[in-house]
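J.: Predicted model, plus sequence, below.
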Amino acid sequence: MERVVILMGVFVFLGVKYALGDVGTATSYDPPYTPTRCNGNQADQFPSGNLFISVSEGLWDNGAACGRRYRLKCLSGSRKPCRDGTIDVRVVDYCSKRPCPSTIVLSNDAFSAISKSQRGKINVEYVQI
């Protein structure tokens, strides 16, 4: 009986750890990436590897999202586009399209890092880090 309780505790702990992420959609966008709503034309706003994102209204937080970092994982999409693993990205812009095509809009490099397809919409899990 004690083992059952311990195992249940472990499963609850692991479930909480992995249940903290949100689920949304992601698309990609093409250069030019400047100017951005966060830092205008500053080249140093982009992290190495060009793993950055533009966010929709729900994540923008009236500009407070600038510089936030998220860990993303591709969950699904048409024709099984997902690559294994996660990527860490930084918010550099606000999705200016109305309506925004997805929850998160990734740079081409970020999109290619988690998806085998070059275009389209994928389902992602994201958590602020």
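T.: Perfect, I can see it now. Residues are numbered from 1 along each chain as shown.
J.: List the buried residues for stretch 32-41?
T.: Neighbour-count burial for stretch 32-41 flags Y33, T36, R37, C38, N39 (criterion: 16 or more other C-beta atoms under 10 Å). C-beta coordinates here come from the backbone N, C-alpha and C atoms, glycine included.
J.: Give me the residues contacting stretch 66-81.
T.: The contact list for stretch 66-81, computed with C-beta atoms under 8 Å, 6 or more residues apart in numbering, reads 21, 23, 26, 37-39, 53, 82-83, 85-92, 104, 106, 110, 114-117, 120-129.
J.: swap the cut-off to 7 Å and go again
T.: Contacts to stretch 66-81, defined as C-beta atoms under 7 Å, 6 or more residues apart in numbering, come from residues 23, 38, 82-83, 86-91, 114-117, 120-129.
J.: What mean pLDDT does that stretch get?
T.: Averaged across stretch 66-81, the pLDDT comes to 97.
J.: repeat for stretch 31-40
T.: Rounded mean pLDDT across stretch 31-40 is 96.
J.: Please state the offset of that stretch from the chain centre?
T.: 18 Å (C-alpha atoms, centre = their mean, to the nearest Å).
J.: Contacts for that stretch next, please.
T.: Contact with stretch 31-40 is made by N41, Q45, F46, C66, G67, V91, V92, D93, Y94, S107, as judged by C-beta under 7 Å, 6+ apart.
J.: burial measure for the fifth one, as a count.
T.: Residues contacting G67 under the criterion other C-beta atoms under 10 Å number 11.
J.: cool, and the third one?
T.: Under the neighbour criterion other C-beta under 10 Å, F46 is assigned a count of 18.
J.: Spatially, what comes nearest to it if we skip its sequence neighbours?
T.: F52 (5.6 Å; C-beta to C-beta, 6 or more residues apart in numbering).
J.: Contact partners for that neighbour?
T.: Shown in contact with F52 (C-beta under 7 Å, 6+ apart): F46, V89, R90, V92, S107, A110.
J.: picking up where we left off before, out of the contacts of stretch 31-40, flag the one nearest to E57.
T.: Distance to E57 across those (C-beta to C-beta) is lowest for Y94, with 8.2 Å.
J.: coming back round to it: please tabulate the contacts of F52 in JSON lines, including the columns secondary structure.
T.: Shown next, in JSON lines, are these (DSSP: H, G, I helix; E, B strand; the rest coil):
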{"residue": "F46", "secondary structure": "coil"}
{"residue": "V89", "secondary structure": "strand"}
{"residue": "R90", "secondary structure": "strand"}
{"residue": "V92", "secondary structure": "strand"}
{"residue": "S107", "secondary structure": "strand"}
{"residue": "A110", "secondary structure": "helix"}
